[in-house]
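K.L.:
generate coordinates for the sequence data below:
(2 chains)
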Amino acid sequence: MKKSLIALLLLAGIVAFFSMLPTPQAEQRKPRHTIIEGATVFDGVHWLSNTDVAFQHGLITDVGKKLNHKYPDATVVNATNKYLIPGLIDAHTHTWDDALVQAAKYGVTTEMDMFSDTRFSASERPKRNQHTIDTQQADIFSAGTLVTSPKGHGTEYGVVIETISQASEAQAFVKARLAEGSDYIKIVYDVKQRHMPSIDKQTLRAVIKATHQAGKLAVVHISDHQSALDAVHAGADGLVHSFMDDVDVRPLATMMKNKQQFIIPTLSILAAGAGQHVNAQLLDDFAKQPRLKSRELVEQLTNLSGRPPHRAAFERAKANVRALAQAGVLILAGTDAPNVGTAHGISLHGELALLVKGGLTPTQALKAATSNVAVAFNLTERGFITQGMKADFVLLDKDPTVDITHTRAISSVYKNGHLINYASRQLEQLKTNTLISSFDSDLSANLSTHWQLTTDARFSGDSIGQIKHINDAGYSSHLALSGEVGKKLSYAWSGAYLALDASYDLSDINSLALKTKGTAGRYKLLLFTQKQPMRPIDVAFDVSEQWQQANISIGHLPPETLASVNGIGIVAVQPMTKFELFIDDIWFK
Amino acid sequence: MNTLNSFVNEFSLDFKMSWRDPSFVLPTLLFPIAFYVFFGIFFSGMAGGDNSATYLLTSYGVFGIMSPALFGFGASVANDREKGWLALKQISPMPAHQYILAKLVSALLFSIIIIVLLFSIAAIFGGVVMATSQWLLLAALLVLGTLPFCAIGLAVGFFVKSNSAVAILNLIFLPSAFLSGLAIPVILFPQWLQQFAQILPPYHLSQLGLKIVSMDLGQPLLLHIGVLLGTLILFSCIAIAGYKRSLTH
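P.N.:
Alright, predicted model coming up:
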C-alpha cells in the first residue's frame, strides 16, 4: 500500500512538472505569428488582391483575409499597396563564398547550383531544412560535381574533378555523385565537341538512366539545338541552357512539352556570350537602392571580356525561348551567375526582364522564378505562398505585372520569416561621427525609430519611469528621464531604449558620445545584441549635476559581440533609487 | 502480488545500491548538468545562435541518458557476475527476468531524474520555451531512447570482466557521444566525420530529439528509428547469448 502511494505521488509529481514547463504561449514578448497585411499576393500561380499572409517559426501558417482577427496577438506588418511574391529561385548558379548572402539581399532565397565545390554545398545544404533559423542567406540545392568527359567542359577551372569516358562507368559515377550529396545530376553534353571534348550519346543515355534509377533528376548542359534534341531523346528531365541556332524549334518543343521536360534558358549568360550589354538598366534601377551596393557589381556585369557583339544570335536565342514557351514547355529562370556578365541575386532580375522580352508575360516570368522551379525540381517547401511553405518572400513597392522591372523595387526580403538585414555594412561607412539623436525637435533617431521608456516592469519588477522631450525655449532641447529604480529585482532598471530598425555592426565604433546631466551617480549603457539574446552588454558611466560630455568607450569590447547590435539602452540601475537624467546629442564616435 | 513484491524489492535494492555509489551517481547526474550549464547557458550563442539552449538540451539529454544505461546497467551486471551475485540470483526462487527488469527500471528511473533536472535548468536558466507536447515528446523519446543503450551495456556486461567493462563502456560512451555531435553539432564536422556519425546510435537519437524542435538535419524519421531499433535488437541478442554463456561458465 505504501509503495503504491509512493508510485502515485511520483506520477503526480511528474505530471505537475511537465505542466509547469514554459510554453510559447506563456512568453508574451514574442507574438506567435507575424502577418503581412493587405498586400497583393502572388501565390506562385494566381494574384490575390488585398490578402494577408501569416507565418510563424519560419513557415507560412495561413493565407486569407482579416487574419488579425484569427491571430490577435500577431505582429502585423502593413503592406497595403505593396506586392508580395514568393522568394525567388535562381535555377542555374555556381555558388560559393558569399553568393548565398548576396542572393538573399536581392530577394533570391534559393539557388539551384549547377556545379561547384562539393564541400561548400555539403556545409550549407543542411540549413535549408531548418525553418526557424535566421540564416540571412539563400538556401542551396546543388548538383555537386558535374558529369563531363576527360578534358571536357567543367575541367578547365583548375579544380581536379572526376570524369567519365564511357557508358559502362555511368552507374558507379552517378553513385559517387549521390554519395557526395548531389541533389540532382548535371551532365555536360556537346554533340559537335566544338570547343572541348564531350561525353558521347551512349554515355549521356546511360548516365540519365542511372540517375533515374536512383530516383534523382538528370539535367543537361547543352549549347546547340542538336545537343538539345539528343538530350531530350535520351530522357533528360531538363536542359540548363538554351541555344542560339537558327532552326525551327517546334519539333523539339513538342517533344519537350509531351515528355514534361523543362528548360532553363539562361538568357543572361547567352547575352554575355553574344557580346550583348543588357545590364545598363538593371544597374541604374538598383542604383536607386544604395543599401544593395550594386555599384560594386558594375565591372562584373558590364565587362564581357571582349566577346564580339553578335546581336542576331541573341535575337534568335530569345525567339527560341518564345517558341518553346508558346508550345507549353516549362520555362525556369536561371542566370548562370557568377559567369561573365552575371552576378548572384541581381542577375535574376535581369533574367526576368529578358524572359519577358523573349515573349513571356510578367506573371509567366515570375512563375519561371518561383513555382515552376519548385515543380520541376520537386521542391516541396518553396516557390509558392501557401500554407506549409517556407516564409520566404519578397515585398515589392511596385506592381510587377505592369512592368517586370518592378521586381527591382524591393521593399524587404524575408528568409525563414526573418527580415534580410541590409544595415550591417551601412554603419561601417558611417563609422566615425554618426549622429544618432540630436533631440532638436523630438525623440526621434537616425537609423531607427524613437527613444522609448524601458523598465523592468515587463519582468514584473517595480521600477517606474517617465520619458519626455524638452524644448527649453530654443535654448536647449533634449531627452528627459525621471523615475525610480525598484528594489524587487536584483537587476532592476529604468531608462530610455532605442530599438534599431535592424542589426548594426558596431565593431568599428570606439565610443558612444553624449551630453548628460542629472542625479549624480553611475548609470549604464546597454547594447542589445543578437549574439546574446538573453542579456545585453552593459557599460557603466557616470553622470554629474552639470551638463557634461561623456564618452562611453565600447572599443574594448569583443568585436564579435558588437557585430549585430539591434537596440541601445541608457538606464539607471541600483543602488540609484529616485533619479532624473537629461540626455542630448548622442553620437557614435 | 508475490512476484510483484519480489520485483519491487529487487528494484528498490538495485536503485538504492546505485544511488549510494558516488562513483556512479556523481558522474551520471553531474556531467550532463554541468556540460549543459556551461555550453548551453553560459556560452549560449556560440554553438547555434539564439536556439543553442534548446539544441543542447536535446543533445545533453541524450548524453545524460546514455550513462545510466551503459554503466548503471552494463557495468553493474558485469560486477554482479564477477562477485557471484548473478549466479546466486540465477538459482534463487526469483525469476531471472525480474533481475534484469529491476535493473532496467532502475536505469530508466535515473534517466527520468536526469531529464527532470535538465529540463528544469533549461526552463529556468536557459530560457528554453517549447509546447507542452514538445516537452513531453522529448522526455518520452529520451526515456525510450535509453533502451538501445541498455542493450549495449548489458551485452558488454555479460561478456567482459567488471574492471574492463567500465573501461570498455567508457571507450564506447565518450567518443560516440562526441562523434555523434552531442557536444558540437555535426554540421561543424568535416564531411567524413559527419558520415561516420551516421553509424552511431546517439547521433540518431539526438536527430530524433532535434526533429521534435525542428532543428534536425532533415533525414528521414524512419532511418533514425530503424537504426535505434536495429541496435536494440542486435545487442539484445548478444546480451542473451552472453547470459546463456554465463549459465554454463
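K.L.:
first-to-last residue distance for stretch A:168-185?
P.N.:
17 Å (Cα to Cα, to the nearest Å).
K.L.:
list of residues touching it?
P.N.:
For stretch A:168-185, contacts defined as Cβ atoms under 8 Å, 6 or more residues apart in numbering or on different chains pick out A:118, A:121-122, A:125, A:141-145, A:147, A:162, A:164, A:203, A:206-207, A:209-211, A:213-214, A:216-219, A:237, A:377. C-beta: built from backbone N, CA, C; applies to glycine.
K.L.:
wait, is A:G181 part of a helix?
P.N.:
No - A:G181 is assigned coil when assessed by DSSP: H, G, I helix; E, B strand; the rest coil, not a helix.
K.L.:
now the end-to-end length of stretch A:141-156.
P.N.:
23 Å.
K.L.:
can you tell me how far the single nearest residue of chain A relative to chain B sits from B:I121?
P.N.:
Closest approach between chain A and chain B, counting by Cβ to the nearest Cβ: A:N129, at 3.1 Å. Distance of A:N129 to B:I121, given as Cβ to Cβ, to the nearest Å: 28 Å.
K.L.:
host element of the residue lying closest to A:G383 once chain neighbours are set aside?
P.N.:
Sequence neighbours aside, A:A374 is the residue nearest to A:G383 in space, at 2.8 Å (criterion: Cβ to Cβ, 6 or more residues apart in numbering or on different chains). Taking DSSP states H and E as the definition, A:A374 sits inside helix A:371-376.
K.L.:
what packs against the very next helix or strand once past that helix?
P.N.:
Next helix or strand after helix A:371-376 toward the C-terminus (DSSP H and E): strand A:393-396. Other elements packing on strand A:393-396 under the criterion 3 or more Cβ pairs under 8 Å, 6 or more residues apart in numbering or on different chains; DSSP states H and E are strand A:34-42, strand A:83-86, strand A:410-415.
K.L.:
quick one: strands adjacent to the shortest one?
P.N.:
In the sheet, strand A:83-86 lines up against strand A:34-42 (parallel), strand A:393-396 (antiparallel) (DSSP bridges).
K.L.:
that one: what's the following helix or strand?
P.N.:
strand A:88-93.
K.L.:
relative to strand A:410-415, how tilted is that next one?
P.N.:
Going by axes from the mean of the first three to the mean of the last three Cα atoms, to 10 degrees, strand A:88-93 is angled at 70 degrees with respect to strand A:410-415.
K.L.:
distance of the residue nearest the centre of chain B relative to A:M244?
P.N.:
Nearest residue to the geometric centre of chain B (Cα atoms, centre = their mean): B:M66, 2.1 Å. Separation of B:M66 from A:M244 (Cβ to Cβ): 62 Å.
K.L.:
just B:I152 next, same as before
P.N.:
Look at B:I152 and A:M244: by Cβ to Cβ, they are 63 Å apart.
K.L.:
give me the more crowded residue out of the two.
P.N.:
More neighbours surround B:I152 than the other of B:I152 and A:M244, with 27 against 22 (other Cβ atoms under 10 Å in any protein chain shown).
K.L.:
doesn't B:G74 make contact with that one?
P.N.:
Yes - if you go by Cβ atoms under 8 Å, B:I152 and B:G74 touch, sitting 7.0 Å apart.
K.L.:
who are the packing partners of the strand or helix carrying B:S246?
P.N.:
Assigned by DSSP H and E, B:S246 falls within helix B:221-248. On a contact count with 3+ Cβ pairs under 8 Å, 6+ apart, helix B:221-248 meets helix B:85-91, helix B:132-159, helix B:201-212.
K.L.:
quick check: closest non-adjacent residue to A:R322.
P.N.:
A:R322's closest residue in space is A:G359 (Cβ to Cβ, 6+ apart), at 3.3 Å.
K.L.:
again, but for A:W493
P.N.:
In space, A:W493 is closest to A:V571, 4.3 Å off (Cβ to Cβ, 6+ apart).
K.L.:
do the same with A:L557
P.N.:
A:I537 is the one closest to A:L557 (Cβ to Cβ, 6+ apart), at 6.3 Å.
K.L.:
ditto for A:T361
P.N.:
A:T401 (8.0 Å).
K.L.:
doesn't A:P362 make contact with the one you found?
P.N.:
Yes - contact criterion Cβ under 8 Å: A:T401 and A:P362 qualify, at 4.9 Å.
K.L.:
comparing those two, which residue is more hemmed in?
P.N.:
Between A:T401 and A:P362, A:P362 has the larger neighbour count (other Cβ under 10 Å), namely 21 against 16.
K.L.:
low pLDDT regions in chain B?
P.N.:
B:1-2, B:43-51, B:248-249 (pLDDT under 70).
K.L.:
if we go to 90?
P.N.:
B:1-57, B:59, B:67-107, B:109, B:121-134, B:153-175, B:177-178, B:180-198, B:210-221, B:239-249 (pLDDT under 90).
K.L.:
how about it: which residue is closest to chain A?
P.N.:
B:G218 (3.1 Å).
K.L.:
thinking again about what came up before, would you turn the helices and strands packed on helix B:221-248 into TSV with distance to chain A?
P.N.:
Listed next are those as TSV, based on distance: least, Cβ to the nearest Cβ, whole Å:
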stretch	distance to chain A
helix B:85-91	21
helix B:132-159	5
helix B:201-212	9
